[in-house]
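> Let me see the structure of the following:
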Amino acid sequence: MIFKGKLFRLLVSQREINIDLCVKMNQTTHDHWLRKGHEHRQKEEWGSAINAYREALALNPDSEAKVALDFIYEILAFRHTDLLNP
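Purely as a prediction, here's the structure:
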């Protein structure tokens, strides 16, 4: 089981390196930015995820990135009113 966890982390880091390399070489597509946004969202790196999704939207305005952005903004805007006003 430990081997599977290490292998998974290695594959994930390799995928991130490939996407970052494409970004540095200015050979990005909508899919690159969308995947980068998904990766940042899974790590709860909200600012980086928002930036990546905005780049994806700039390349394809009808993208699913619009839904992902709305989802992030909804998470960030959440307030538990019972805890704020006891």
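
> How many residues are close by residue 69?
Counted by other CB atoms under 10 Å, the residues lying close to residue 69 total 19. All C-beta spots, glycine's among them, are computed from the backbone N, C-alpha and C.

> Mind telling me what element it is part of?
helix 65-77 (DSSP states H and E).

> So which elements touch that helix?
helix 30-42, helix 46-59 (3 or more CB pairs under 8 Å, 6 or more residues apart in numbering; DSSP states H and E).

> I'd like the ones you listed written out as JSON lines, with distance to residue 77, mean neighbour count and mean pLDDT added.
Putting the helices and strands packed on helix 65-77 into JSON lines (distance: least, CB to CB, whole Å; neighbours: other CB atoms under 10 Å; pLDDT from 0 to 100) gives the following:
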{"stretch": "helix 30-42", "distance to residue 77": "16", "mean neighbour count": "19", "mean pLDDT": "89"}
{"stretch": "helix 46-59", "distance to residue 77": "11", "mean neighbour count": "18", "mean pLDDT": "93"}
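
> nearest to residue 70, of those helices?
Nearest to residue 70, of all the helices and strands packed on helix 65-77, is helix 46-59, at 9.9 Å by CB to CB.

> Restrict the closest one to CA atoms and write it as CSV.
Provided in CSV are the C-alpha atoms of helix 46-59 (Å, rounded to 0.1, in the frame of the first residue of the first chain):
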residue,chain,number,x,y,z
TRP,A,46,-7.8,29.0,-4.1
GLY,A,47,-5.9,31.9,-5.6
SER,A,48,-3.8,29.8,-8.0
ALA,A,49,-6.9,27.9,-9.0
ILE,A,50,-8.8,31.1,-9.7
ASN,A,51,-6.0,32.4,-11.9
ALA,A,52,-5.7,29.2,-13.8
TYR,A,53,-9.4,29.0,-14.4
ARG,A,54,-9.5,32.6,-15.6
GLU,A,55,-6.7,31.8,-18.1
ALA,A,56,-8.8,28.9,-19.4
LEU,A,57,-11.8,31.1,-19.7
ALA,A,58,-9.8,33.6,-21.7
LEU,A,59,-9.0,30.9,-24.2
